Structures are given as structure tokens and as C-alpha cells.
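K.L.:
kindly return the folded structure for what I paste below:
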Amino acid sequence: MTATWRTLTLGDVLRIKHGYAFKGEYFADDGPYVLLTPGNFEPSGGLKLKGEKEKYYVGDFPPPFVLGRGDLLIAMTDLTQSARILGSPAVVPESDRYLHNQRLGKVVELKEDLIDRRFLYHLLNHNHVREQIKASATGATVRHTAPERIYAVKVALPDLGAQRRIASILSAYDDLIENNTRRIAILEEMARRIYEEWFVRFRFPGHEGVRMVESELGLVPEGWGVATLGQLAEVNARSVRRGAEPTEIRYVDISSVSTGSIDNKEPMLFADAPGRARRIVRDGDVIWACVRPNRKSYALVLNPEPNLLVSTGFAVLSPASAPSSFIYQCVTTDDFVSYLVNHAKGAAYPAVGTEEFENAKVLKPSDSLVIEFDRIAEPMMRLVAALQLKNTNLRTTRDLLLPKLISGELDVSALPEPETVAA
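P.N.:
Down below sits the predicted model:
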């Protein structure tokens, strides 16, 4: 910190408004409003929108709890002992879509003559701030903070010009990540729509001249068959063998996978890894979490590190007689998810096993049509993987810069303010 920076508390520059206690009987799977929860927050800041997993609200509520574009929120509850998202900030992306839930704090009465709003967002991601919030949190398993505890957090602030320059540098990384994320969503939607058009609605190229015939899965185009998933893909084909253990690994557990994405690969020594770190994955494999399949924790693995291992809590589907682009779309449809949910065993931790994957009945289109689909979809999925890797690298660089900029270790005084650059 430089000599010109001032030490204040967050309570000197802002106030926090509690959210509303929305009633559980009005939670829904769809609706006009998304009910934000701490689960929507990324540990490094930002919203993690969950698509089909979102929680919606269809009941009445006070209008002031509808959020507006640009509102700054803070996660005040974390369901994990590590409290990685406690104090994490997020900016609301659009108005009249998201609701302010009781476990989230909304920044109000911000003294913008003392602190820049974008700088505050990045400041809340600084480890020094997060550690103070965690240190004052209550609860052994579920961690809670409160506005009064956040007000007591001590921070160092440069002048407003320096704040804007720092925020501009860090926000540029966030903008690139957001642009890549939008491209990923478009590519994934394109591949999904082509699959549904060809293999669900049967409107594939040349379908007009093909008659429909009966099968055990209903009417299908003539020449198509029914197969088990085990005939298209090998399930759990590779595991670490005794005597061939690697020294170092990158490990993926079930909590590290969300719908369509591996969110974290933890580097560790194999000797220190959990006993479930055994499944070997290769390029083109699909991983599907066996526990609670309704959560849709699955991902396509492309260009993996040679030492990547995943938990035995995943079913690993390796392409055999069909390409990975087709298998991935096949096992991520609503019908396939429903099949897994209906075959899961156990009340507390419903789960499926290898047999449920191997025995699942799926359509087997003509080889020529599957090859044509792969020709179109595979480059899209490769590009998605490349963009995801870019985002990972951007986040890593941003997270290395953030503490150096926020602490004043890197001097930004010689840089023009963002308004000057824009002009």
C-alpha cells in the first residue's frame, strides 16, 4: 500500500440491505423471476447462472425485492465449511428478472465520492477482505455473515482515479470472459438444436423420402435401430492399476462438475488423493455423476491433461461405435436424465450404477447420418473446449493481478483513467 492510500472500513462507504424471505411453496421450475441464492455465486466473484437448474418464484412479494441491472450483491451464507463463496460479490446482469433473496446482501447507499462501484466489486474479491469476512462468520458447518460484520472489514483505498484505473484493468478480463461465455452458450445451443432436429424430431437431411416404422422405442425412420448405450460406448473402461500409479494428478470430484462443464481440476500428489481418484479419462469421454442424477452433473472431456483422473462417483463413457459428439448429445437429453432419475436407488443419496448406463436403450441412426452430424458438431464442441480453456487462463491471470493491484503493489498512477482512454 502506498502512502497516499486511506484506511477505512466498509461501513464508512456503504450499507447492506437484507433480502426477502421468499416462501418455499411458491418455488417453481419455471416462471418470470429467477430466485438468486448463494449457489449462484462464483467463488472468485460473479454470477453463476444455472440454466435448467435455476430456482424460480411464482408467488407474490414486495416490489422492492426485484433487482435492477447493475445492482451489487454479496453472498452472506455459505453451505460449506471452507466458505469459498462467503462474501463473494456479483453484479445483476438485467432488470426485472432476478429476485433479492434473504441470504444475499444488496449494496446500498454507496458513497461514490469515496469508492468506485467497479473497484468495490474487485475489492470484495481480494483475499484480505474475504478472510476478514470469514473470520467473523458464525456457524460451524453453514457459515453466515451479517451487514454489521461486513461493515467492520478494514480496507485501503487509493484516490478515485486510481480506483477507476484498477477496476478498468480487472474488468477488461471479466469482459473477455463474458464474451467467451456467450459464444460457448451459442455453440452449445446450435449443436443441441441440430441433434434434436435430426434425431428427436426426425427432420434430418432427406427425411422426406424415408418412411416411419415401429420399434421398441416407438416410430423411427426406416433403417434406424435400437441399441443399448453399452453398444455405443464403453462404461468405466480405464482405471488406475496397482503398481502403475502416477506421481502427480489433476483430480475432478463430483462437486467440481456442473451441467456441461468441469469447473475445477485440483492438482495434487496421487499419494494424497482421495481413494475415489481412480477413473482415467481420455479425449472424447463423457463423465456423468452417478449420485443425484437430477442435478445433471456431466461434461464432455476434450484435450485433457495426461494425468487427469476423475472420481469413481462418475460413470465414464468412452466412444466405441459412435463418436463423442453424438454420445454426448444422446446422454444429456431430458429423456435420458429422466431415465437415470427413475432408475436411481437410495432415498438419501439416489444413485445409478454402471448397469443403468450400459443397459439404457437409445436410438441408433444410420451410420452415414451420425458421421454427418459429427462433421458439423465436433468442431463446435472443440471450439467450446478452446474457449473454456481461454476463460480458465484469463481467470488465472486476473486472479494473479487482482491482489497486486488492490494492494498497491503494482503502480497504476501512470495509466490514464478509463474515461480518458474512451475519449
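K.L.:
buried ones in the strand or helix carrying Ile376?
P.N.:
Here Ile376, judged by DSSP states H and E, is contained in helix 367-406. For helix 367-406, a neighbour-count test (16 or more other C-beta atoms under 10 Å) marks 369-370, 373-374, 377-378, 380-381, 384-385, 387-388, 391, 394-395, 398, 401-402, 405-406 as buried. (C-beta placed from N, C-alpha, C; glycine too.)
K.L.:
helices or strands up against it?
P.N.:
In terms of contacts (3 or more C-beta pairs under 8 Å, 6 or more residues apart in numbering; DSSP states H and E), helix 367-406 is packed against helix 117-123, helix 127-135, helix 160-199, helix 324-330.
K.L.:
got TSV for those, with mean neighbour count and mean pLDDT too?
P.N.:
Listed next are the helices and strands packed on helix 367-406 as TSV, based on neighbours: other C-beta atoms under 10 Å; pLDDT from 0 to 100:
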stretch	mean neighbour count	mean pLDDT
helix 117-123	21	96
helix 127-135	17	95
helix 160-199	17	94
helix 324-330	24	97
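K.L.:
same list (these) but as CSV, adding distance to Asp29.
P.N.:
Converted to CSV, these look like this (distance: least, C-beta to C-beta, whole Å):
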stretch, distance to Asp29
helix 117-123, 31
helix 127-135, 33
helix 160-199, 19
helix 324-330, 22
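K.L.:
how close does the most far-flung residue of the chain relative to its centre sit to Phe199?
P.N.:
Largest separation from the mean C-alpha position in the chain: Gly209, at 42.5 Å (C-alpha atoms, centre = their mean). Counting by C-beta to C-beta, to the nearest Å, the separation of Gly209 from Phe199 is 18 Å.
K.L.:
isn't Leu114 up against Gly11?
P.N.:
No: if you go by C-beta atoms under 8 Å, Leu114 and Gly11 don't touch, sitting 11.8 Å apart.
K.L.:
ok, which of the helices and strands packed on helix 367-406 comes nearest Ser82?
P.N.:
Smallest distance to Ser82 across those (C-beta to C-beta): 9.0 Å, for helix 127-135.
K.L.:
which strands or helices does that closest one pack on?
P.N.:
Under the contact definition 3+ C-beta pairs under 8 Å, 6+ apart, helix 127-135 sits against strand 154-157, helix 367-406.
K.L.:
after that helix comes which helix or strand?
P.N.:
Sequence order places strand 143-144 as the next helix or strand after helix 127-135, per DSSP H and E.
K.L.:
next helix or strand past that next one?
P.N.:
Downstream of strand 143-144, the first helix or strand assigned by DSSP H and E is helix 147-151.
K.L.:
can I get that following helix in CSV? Just the C-alpha atoms.
P.N.:
Extracted C-alpha coordinates of helix 147-151, given in CSV (Å, rounded to 0.1, in the frame of the first residue of the first chain):
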residue,chain,number,x,y,z
PRO,A,147,-24.1,-6.5,7.4
GLU,A,148,-22.6,-5.3,10.8
ARG,A,149,-19.7,-7.8,10.4
ILE,A,150,-19.1,-6.7,6.8
TYR,A,151,-19.1,-3.0,7.9
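K.L.:
that helix: how far from the chain's middle?
P.N.:
Chain-centre distance of helix 147-151: 28 Å, with C-alpha atoms, centre = their mean, to the nearest Å.
K.L.:
for stretch 280-296, same thing?
P.N.:
Computed by C-alpha atoms, centre = their mean, the chain-centroid distance of stretch 280-296 equals 15 Å.
K.L.:
can you check stretch 250-265 too?
P.N.:
Centroid displacement of stretch 250-265 relative to its chain, using C-alpha atoms, centre = their mean, is 9 Å.
K.L.:
now tell me what touches it from outside.
P.N.:
Stretch 250-265 is contacted from outside by 48, 50-53, 188, 266-268, 273-274, 276-277, 287, 289, 291, 296-301, 305, 307-311, 313-314, 332, 388, using C-beta atoms under 8 Å, 6 or more residues apart in numbering.
K.L.:
tell me which residues of that stretch are tucked away?
P.N.:
Buried-residue list, stretch 250-265, by 16+ other C-beta under 10 Å: Arg250, Tyr251, Val252, Asp253, Ile254, Ser256, Val257, Ser258, Gly260, Ser261, Ile262, Lys265.
K.L.:
once you drop chain neighbours, what's closest to the first one?
P.N.:
When you say that, I think you mean Arg250. Closest residue to Arg250 apart from its sequence neighbours, by C-beta to C-beta, 6 or more residues apart in numbering: Lys265 at 4.2 Å.
K.L.:
check what pLDDT that neighbour gets.
P.N.:
For Lys265, the model assigns a pLDDT of 92.
K.L.:
distance of it from Ile249?
P.N.:
In terms of C-beta to C-beta, Lys265 sits 9 Å off from Ile249.
K.L.:
which neighbours do these two share?
P.N.:
With contacts defined as C-beta under 8 Å, 6+ apart, the residues shared by Lys265 and Ile249 are Leu308.
K.L.:
which intervals of the stretch 301-423 of the chain have sub-threshold pLDDT?
P.N.:
Along the stretch 301-423 of the chain, the model assigns pLDDT under 70 to residues 414-423.
K.L.:
90 instead, please
P.N.:
347-349, 407-423 (pLDDT under 90).
K.L.:
can you tell me which residues contact Gly48?
P.N.:
You called it Gly, but residue 48 is Lys. The neighbourhood of Lys48, defined by C-beta under 8 Å, 6+ apart, consists of Gly39, Asn40, Phe41, Glu42, Ser258.
K.L.:
which residues does the closest residue to Arg292 other than its chain neighbours contact?
P.N.:
Leaving aside its sequence neighbours, Arg292 sits nearest to Pro350 (C-beta to C-beta, 6+ apart; 6.0 Å). For Pro350, the contact set (C-beta under 8 Å, 6+ apart) comprises Val291, Arg292, Pro293, Asn294, Val341, Ala344.
K.L.:
of these, which is the most crowded?
P.N.:
In terms of neighbour count, Pro293 stands highest of the contacts of Pro350 at 24 neighbours, by other C-beta atoms under 10 Å.
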